[in-house]
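>>> Need a 3D model of the following:
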Amino acid sequence: MTEARAGGVAVVMGAEELGVVMPGDLRERLGELTGRVVMVRAIQAGEGGEKIPVAGPEGLEDVEVLVTGWGCPPLTKDVLDRAPRLRVVVHAAGSVKRLVAAEEVWERGIVVSSAAGVNAGPVADFTLAVIALAAKGALPMAAAYANGRWPAFTERRGADGRTIGVIGASRTGRRVMTGLRASAAGYRVLLYDPYVTGEDAEQMGVERVSRLADLCRASDIVTVHAPATPETRGLLDEQHLALIPDGGTVINTARGSLVDTGALERECASGRLSAWLDVTDPEPLEKERQLLSLPNVMVTPHLAGAQGSEGRRLGVWAVKEVGRWVRGEKLLGEVRREELGRMA
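Numbers count the residues shown, from 1 in each chain. Have a look, this model is predicted:
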């Protein structure tokens, strides 16, 4: 075993998130691991919504371990210059891409780790629940009921044999596919991901399609799990949405930019498609948008990921990850520089 490391540790995240993700007992554990008092920076939004900088009057000169979360500003060169001893960043949240995009992070050899795999659990659970509701036609059935009509038995949908199209074999996408394969409904699962081979798909127990258009044509439900990159912006556009069969459903728990909001709104307003959206573009949606009032659309405020009591999972994971780093062990969530381009 490698000799134990020790150094100053700082926790930097939004003030609202701090008490949920990294409460006092977990911060105490961080101090025990590193043998140093934990510095805490609860980031508040300033005037105009800008974030107060990470480094305050006392700076971060002695910090070697930085535990970050939602609300932490990007680690720019200016911030890094104030933390010359920084060696590892452990992100107790989902995507870390925006935080460590600066080249200086990687040029200085700073190790980066992310709890994205932990955050994927609640997102996958949320998605699987929504898929089950969509497969049963819950939204149109609820709308009919609210209008005083009791749907006839022959109108009611069953989940058995439905085809689910999964866009993106991300951490969340893979968990969703695992859950779908385990369902008693006997779903047919299609996958579109240009980075996944046919052999990979076979090992996952799903059918790989080489074109997004083919997935859309064949799917009763399309669920989005790809990262938000310049290449994936508007991936599910007007042409692809038009290919989804009548009565189909679009689910997005990834990023709003992957779906053409206007095109989806038109399809749902026509009654041809339904949608369950936990993310939108823009976010939040303007209150005048039709998507917020249509009976066949459910829009939730980006709550699929770790929320409330689930937030502590991220903090517990971060403390354990810091412990692994202190002991010189392999980090479970380590992020490589070359992976950034394909990350959410």
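
>>> which helices and strands sit right next to the lengthiest helix in the chain?
Secondary structure of the chain per DSSP state H: the longest helix is helix 116-135. Judged by 3 or more Cβ pairs under 8 Å, 6 or more residues apart in numbering; DSSP states H and E, helix 116-135 is in contact with helix 171-182, strand 221-224, strand 249-252, strand 274-277, helix 311-326. Quick note: C-beta positions are derived from backbone N, CA and C, even for glycine.

>>> Let me have the ones you listed in CSV, adding distance to Met204 as columns.
Supplementary listing: the helices and strands packed on helix 116-135 in CSV, determined by distance: least, Cβ to Cβ, whole Å:
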stretch, distance to Met204
helix 171-182, 6
strand 221-224, 15
strand 249-252, 19
strand 274-277, 23
helix 311-326, 24
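
>>> ok, back up a step: tilt between the longest helix of the chain and helix 311-326?
Here the directions of helix 116-135 and helix 311-326 differ by 150 degrees (axes from the mean of the first three to the mean of the last three Cα atoms, to 10 degrees).

>>> Return the residues in contact with His228.
Careful, residue 228 is Ala; it's not His. Listed by Cβ atoms under 8 Å, 6 or more residues apart in numbering, the contact partners of Ala228 are Ala254, Arg255, Ser257, Leu258, Ala344.

>>> do Pro151 as well
Met141, Ala144, Tyr145.

>>> And the helices and strands packed on helix 116-135: which comes nearest Arg108?
Nearest of the helices and strands packed on helix 116-135 to Arg108, taken as Cβ to Cβ: helix 311-326 at 16.0 Å.

>>> Please point out which parts of that closest one sit buried.
By neighbour count with 16 or more other Cβ atoms under 10 Å, helix 311-326 contains the buried residues 311-319, 321-326.

>>> Out of these, flag the one nearest to Val9.
Val322 (7.0 Å).

>>> that older thread, quick check: the two most widely separated of the buried residues of helix 311-326?
Farthest-apart pair in those is Gly311 and Val326; separation 23.2 Å (Cβ to Cβ).

>>> ranges for the helices of the protein?
Using DSSP H, the helices of the chain run over 15-21, 24-34, 77-81, 103-107, 116-135, 138-146, 171-182, 198-204, 212-218, 238-243, 261-269, 311-326.

>>> Format these as CSV; extra columns: distance to Leu190 and mean pLDDT.
Formatted as CSV, the helices of the chain follow (distance: least, Cβ to Cβ, whole Å; pLDDT from 0 to 100):
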stretch, distance to Leu190, mean pLDDT
helix 15-21, 35, 90
helix 24-34, 41, 91
helix 77-81, 43, 89
helix 103-107, 36, 95
helix 116-135, 13, 97
helix 138-146, 22, 93
helix 171-182, 10, 97
helix 198-204, 9, 94
helix 212-218, 5, 98
helix 238-243, 13, 98
helix 261-269, 20, 98
helix 311-326, 30, 96
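
>>> a markdown table for those, including distance to Tyr192?
Output for those, formatted as a markdown table (distance: least, Cβ to Cβ, whole Å):
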| stretch | distance to Tyr192 |
| --- | --- |
| helix 15-21 | 33 |
| helix 24-34 | 39 |
| helix 77-81 | 38 |
| helix 103-107 | 30 |
| helix 116-135 | 16 |
| helix 138-146 | 24 |
| helix 171-182 | 10 |
| helix 198-204 | 10 |
| helix 212-218 | 4 |
| helix 238-243 | 10 |
| helix 261-269 | 17 |
| helix 311-326 | 29 |
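
>>> among the ones you listed, which is nearest Val9?
helix 24-34 (4.8 Å).

>>> and that closest one, what other elements does it pack with?
Here helix 24-34 touches strand 8-14, strand 38-43, strand 63-68, helix 311-326, going by 3+ Cβ pairs under 8 Å, 6+ apart.

>>> at 7 Å instead, please
strand 8-14, strand 38-43, helix 311-326 (3 or more Cβ pairs under 7 Å, 6 or more residues apart in numbering; DSSP states H and E).

>>> If I take it and strand 38-43, what angle do their directions form?
130 degrees.

>>> Residue ranges of each domain in this structure, please.
Annotated domains of the chain cover 8-114+307-342, 119-299 [automatic domain parsing].

>>> got the end-to-end distance for stretch 60-80?
Stretch 60-80 has an end-to-end distance of 9 Å (criterion: Cα to Cα, to the nearest Å).

>>> I'd assumed Leu30 was in contact with Val322.
Yes: between Val322 and Leu30 there is a contact under Cβ atoms under 7 Å: 6.1 Å.

>>> rewinding a little: as a markdown table, the contacts of Pro151 with neighbour count and distance to Glu16 would be great.
Shown next, in a markdown table, are those (neighbours: other Cβ atoms under 10 Å; distance: Cβ to Cβ, whole Å):
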| residue | neighbour count | distance to Glu16 |
| --- | --- | --- |
| Met141 | 17 | 37 |
| Ala144 | 16 | 39 |
| Tyr145 | 11 | 37 |
